[in-house]
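K.L.:
structural data only, the sequence is not supplied:
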Ligand code: GUN
């Protein structure tokens, strides 16, 4: 039987709608809107598109959007001064500095300058530490979105075998922490893992976040497994096409014949990230107001 396709686009739209209604209630109660500040340094075209989408989604969810677009040659001192102002601005509940930053800026130092209680990306070491020890904080949006889709489909994850492929600070590590927190048995696999197909074959839950096109094959999967594909890879263009196709880290056509459920690329995990960002911003607003 072909796998159920997990519709991330619909899931994200429903989350954005819920957050929008709760944000309107927040405004009525607090007398101000929840606010998200997004900082973009430079002219990276993909980042410009992301920042534009974040701004639109923020306004559509009844929140205030503060966009700061700075030139590529902005100095570290100028960027840190802006972050300091946003940290102290009571209208700003969440701060997101779009990555990657231009090479002359130290990403870790910039993230460290954000007030951890406004760090809606969940990238600050304080929030990584809170997640590791199970304290409330902010969890990175993409793995939190994956977790929402997993619990929606599977309910209680206790005792399930999960494999997370990829150990980035933004997706793989927090994903493993979330699954562990939900009592799954978690294997973290990465480029040095000796027998990846074997690790994947044991898993009821597969989260692929490596950035390698169609790396996870259908015959690696346990029948009925739930597969979350975080990868977004563009293939080389086919003859006559201007752009190559977008594919995930999982060989979708093979995988859907074996899996119980799978997220497509595009339209799976991708749309969840902004929806969770709005959710995190609303949580920040409640914490900052209360
Ligand atoms: N660049 C690509 N994705 C993200 C994200 O989720 N947050 C930030 N800050 N930058 C990104």
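P.N.:
Thanks, I have it. Here the structure is a predicted model, which means the values were calculated and not measured.

K.L.:
closest point of the chain to the ligand, which residue?
P.N.:
residue 99 (3.8 Å; C-beta to the nearest ligand atom). Quick note: C-beta positions are derived from backbone N, CA and C, even for glycine.

K.L.:
these two touch, right, that residue and residue 105?
P.N.:
No: counting by C-beta atoms under 8 Å, no contact exists between residue 99 and residue 105, whose distance comes to 10.1 Å.

K.L.:
one step back: phi and psi next, for the residue of the chain closest to the ligand.
P.N.:
Backbone geometry at residue 99, expressed as degrees, to the nearest 10, gives phi -110, psi 150.

K.L.:
how close does it get to residue 289?
P.N.:
Taking C-beta to C-beta, to the nearest Å as the measure, residue 99 falls 28 Å from residue 289.

K.L.:
likewise residue 146?
P.N.:
With distances taken as C-beta to C-beta, residue 146 is found 29 Å from residue 289.

K.L.:
same drill for these two, tell me which one is more crowded.
P.N.:
residue 146 (29 against 14; other C-beta atoms under 10 Å).

K.L.:
mind telling me what element that one is part of?
P.N.:
Taking DSSP states H and E as the criterion, the element that holds residue 146 is helix 141-154.

K.L.:
show me what contacts residue 143?
P.N.:
Residue 143 makes contact with 171, 174-175, 178, 207, according to C-beta atoms under 8 Å, 6 or more residues apart in numbering.

K.L.:
which SS class is the closest residue in space to it that isn't next to it in sequence?
P.N.:
Closest residue to residue 143 in three dimensions, ignoring its sequence neighbours and counting by C-beta to C-beta, 6 or more residues apart in numbering: residue 175, at 4.0 Å. The assignment at residue 175 comes out as helix when based on DSSP: H, G, I helix; E, B strand; the rest coil.

K.L.:
can you give me the neighbour number for residue 175?
P.N.:
31.

K.L.:
what's the distance between it and residue 164?
P.N.:
Residue 175 sits 5 Å away from residue 164, taking C-beta to C-beta as the criterion.

K.L.:
which residues do the two both contact?
P.N.:
Both residue 175 and residue 164 are in contact with 207, 209, where contact means C-beta under 8 Å, 6+ apart.

K.L.:
can you give me the helices in the stretch 1-150 of the chain?
P.N.:
Counting by DSSP state H, counting those that start in this stretch, the segments of the stretch 1-150 of the chain that form helices are 8-30, 45-60, 76-88, 107-113, 125-133, 141-154.

K.L.:
may I see those helices organised as JSON lines, with mean pLDDT added?
P.N.:
Output for the helices of the stretch 1-150 of the chain, formatted as JSON lines (pLDDT from 0 to 100):
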{"stretch": "helix 8-30", "mean pLDDT": "98"}
{"stretch": "helix 45-60", "mean pLDDT": "97"}
{"stretch": "helix 76-88", "mean pLDDT": "98"}
{"stretch": "helix 107-113", "mean pLDDT": "98"}
{"stretch": "helix 125-133", "mean pLDDT": "98"}
{"stretch": "helix 141-154", "mean pLDDT": "98"}
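
K.L.:
redo those as TSV? Include distance to the ligand.
P.N.:
As requested, the helices of the stretch 1-150 of the chain are arranged in TSV below (distance: least, C-beta to the nearest ligand atom, whole Å):
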stretch	distance to the ligand
helix 8-30	14
helix 45-60	6
helix 76-88	13
helix 107-113	8
helix 125-133	13
helix 141-154	6
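
K.L.:
pick the most buried one from these.
P.N.:
Relative to the other members of the helices of the stretch 1-150 of the chain, helix 141-154 carries the highest mean neighbour count by mean count of other C-beta atoms under 10 Å, namely a mean of 21.

K.L.:
next, the angle from the next helix or strand after that helix to helix 141-154.
P.N.:
Next in sequence after helix 141-154, counting helices and strands by DSSP H and E, comes strand 161-165. With axes from the mean of the first three to the mean of the last three C-alpha atoms, to 10 degrees defining the directions, strand 161-165 sits at 150 degrees from helix 141-154.

K.L.:
what mean pLDDT would you report for strand 161-165?
P.N.:
The predicted model assigns strand 161-165 a mean pLDDT of 98.

K.L.:
distance from it to the middle of the chain?
P.N.:
Remark: strand 161-165 is offset 17 Å from the chain centroid, using C-alpha atoms, centre = their mean, to the nearest Å.
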